[in-house]
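Novice: Let's see this in three dimensions:
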Amino acid sequence: MAEPSLPFEDLRIELPDYVKEDGSKASQPFSKSNHSFFQRRTLKSDGNGVGPRTEYFKRHLVRIFEQIGRPVPYRFTDHLGRERSMDGGCLKFVGPDGQDIAEFTEQDGYIVAVTPKPALITRYGTTLSVAADLELLRKDTTVSATERRQLIDARLGQGQFRSSLLAGWHGRCAVTSCSLPAVLRASHIVAWREASNAERLDPENGLPLVATLDALFDAGLISFNDQGELLAKPNLQDHPNLVEPGLRLSRRPSERMQGYLHRHRCINGFEH
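Specialist: Next comes the predicted model:
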């Protein structure tokens, strides 16, 4: 059968370019070039699907699904109006013949849309409540009672994680130096669902930020380079009052924190 004659759906959804961990450019998990439809039997890829490129695909597949509230079309336009489609190797890894964490919608034998399964949404979804994360912690038999209590407090932005984080920054926002506790958030650099339990409790994997900066940082709209200079996504230029030019961390990040910030930049598509 011939490929479906389907247009690129006008999602206009923000999709940062994928870059390798060393900052170099790479083949995009959501292609900008060849947009031919795939059949399930023709999907091929080497490896086991474990790595930053496939993780990027999974994360953004879930994010798009959450934002549009329906199966993600195989072909669509991004926020810059560019035509995008799904990489065949990534489809193989997440599909029923791979890790079986996504379902395919097919037309005339060709994959036309993809729906992440609950297990994938649980891992990468942002609409899951803190309560759901706490329930997972309570059921985790691999940690001691003491560590579980520490993790629960850290997920709530309280406890030893928050205390150690604020102590390291003298009780102030790492950027604005605001010392008002009510507006300070104990923000993880490598997000909760991306981090190991040890990283979730490591104060070097955190920044005390005022609520607005915390929300922008958590959404991947801002980050920081190894010198502590604030990096902002281009679309924030349309909202000039959110982030002032020249903002930076009040001290240079430690070597360990630089490693966390590097991961934050890679995850969120910053090339610096």
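
Novice: Gly159 versus Asp153, what's the distance?
Specialist: In this structure, Asp153 and Gly159 are 3 Å apart, going by CB to CB, to the nearest Å. From N, CA and C alone the C-beta is placed, and that goes for glycine too.

Novice: got it, and Arg252?
Specialist: Arg252 is 27 Å from Gly159, by CB to CB.

Novice: So which of those two has more stuff around it?
Specialist: For Arg252 versus Gly159, neighbours defined as other CB atoms under 10 Å are more numerous around Gly159 (17 against 12).

Novice: now stretch 105-117, how far from the chain's geometric center?
Specialist: Centroid displacement of stretch 105-117 relative to its chain, using CA atoms, centre = their mean, to the nearest Å, is 24 Å.

Novice: List the buried residues for it?
Specialist: By neighbour count on 16 or more other CB atoms under 10 Å, the buried set for stretch 105-117 is Tyr110, Ile111, Val112, Ala113, Val114, Pro116.

Novice: Same question for stretch 235-245.
Specialist: By neighbour count on 16+ other CB under 10 Å, the buried set for stretch 235-245 is Val243.

Novice: before we move on, what about stretch 68-83?
Specialist: For stretch 68-83, burial by neighbour count (16+ other CB under 10 Å) applies to Pro71, Val72, Pro73, Tyr74, Arg75, Phe76, Thr77, Asp78.

Novice: Check what pLDDT the last one gets.
Specialist: Think Asp78. If you check Asp78, the pLDDT there is 90.

Novice: Would you mind giving the buried residues of stretch 68-83 as TSV with distance to Arg263 and secondary structure added?
Specialist: Below are the buried residues of stretch 68-83 laid out as TSV (distance: CB to CB, whole Å; DSSP: H, G, I helix; E, B strand; the rest coil):
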residue	distance to Arg263	secondary structure
Pro71	30	coil
Val72	25	strand
Pro73	30	strand
Tyr74	29	coil
Arg75	30	strand
Phe76	27	strand
Thr77	29	strand
Asp78	23	strand
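
Novice: Closest one of those residues to Ala198?
Specialist: Nearest to Ala198 among these: Val72, at 33.2 Å, using CB to CB.

Novice: all strands of this structure, in order?
Specialist: Along the chain, counting by DSSP state E, strands occupy 9-13, 30-31, 72-73, 75-78, 83-86, 102-107, 110-116, 184-188, 206-210, 222-224, 230-232.

Novice: Pull the number of nearby residues for the closest residue to Ser85 other than its chain neighbours.
Specialist: Setting aside the residues directly before and after it, Ser85 is nearest to His35 in space (CB to CB, 6 or more residues apart in numbering), at 4.1 Å. Applying other CB under 10 Å, we find 14 residues neighbouring His35.

Novice: And Gly206, by the same measure?
Specialist: 28.

Novice: Run through the residues that contact Asp226.
Specialist: Counting by CB atoms under 8 Å, 6 or more residues apart in numbering, Asp226 makes contact with Pro253, Gln258, Leu261, His262.

Novice: Most neighbours among these, please name it.
Specialist: Leu261 leads the contacts of Asp226 on contacts (other CB under 10 Å) with 23 neighbours.

Novice: what's the spacing between that one and Trp169?
Specialist: Distance from Leu261 to Trp169, by CB to CB: 15 Å.

Novice: can you pull the contacts of the nearest residue to Ile189 once chain neighbours are set aside?
Specialist: Once flanking residues are discounted, Ile189 sits nearest to Tyr260: 4.1 Å by CB to CB, 6+ apart. Applying CB under 8 Å, 6+ apart, one finds that Tyr260 lies in contact with Ile189, Val190, Glu199, Glu204, Asn205.

Novice: so the last one sits right up against Asn197, yeah?
Specialist: What it means is Asn205. No. With contact defined as CB atoms under 8 Å, Asn205 does not count as touching Asn197 (11.4 Å).

Novice: Have a look at the two and say which one is more surrounded.
Specialist: Neighbours per residue (other CB under 10 Å) separate Asn205 from Asn197, with Asn205 holding more: 26 against 16.

Novice: Quickly note the distance from that one to Arg248.
Specialist: Asn205 is 19 Å from Arg248, where distance means CB to CB.
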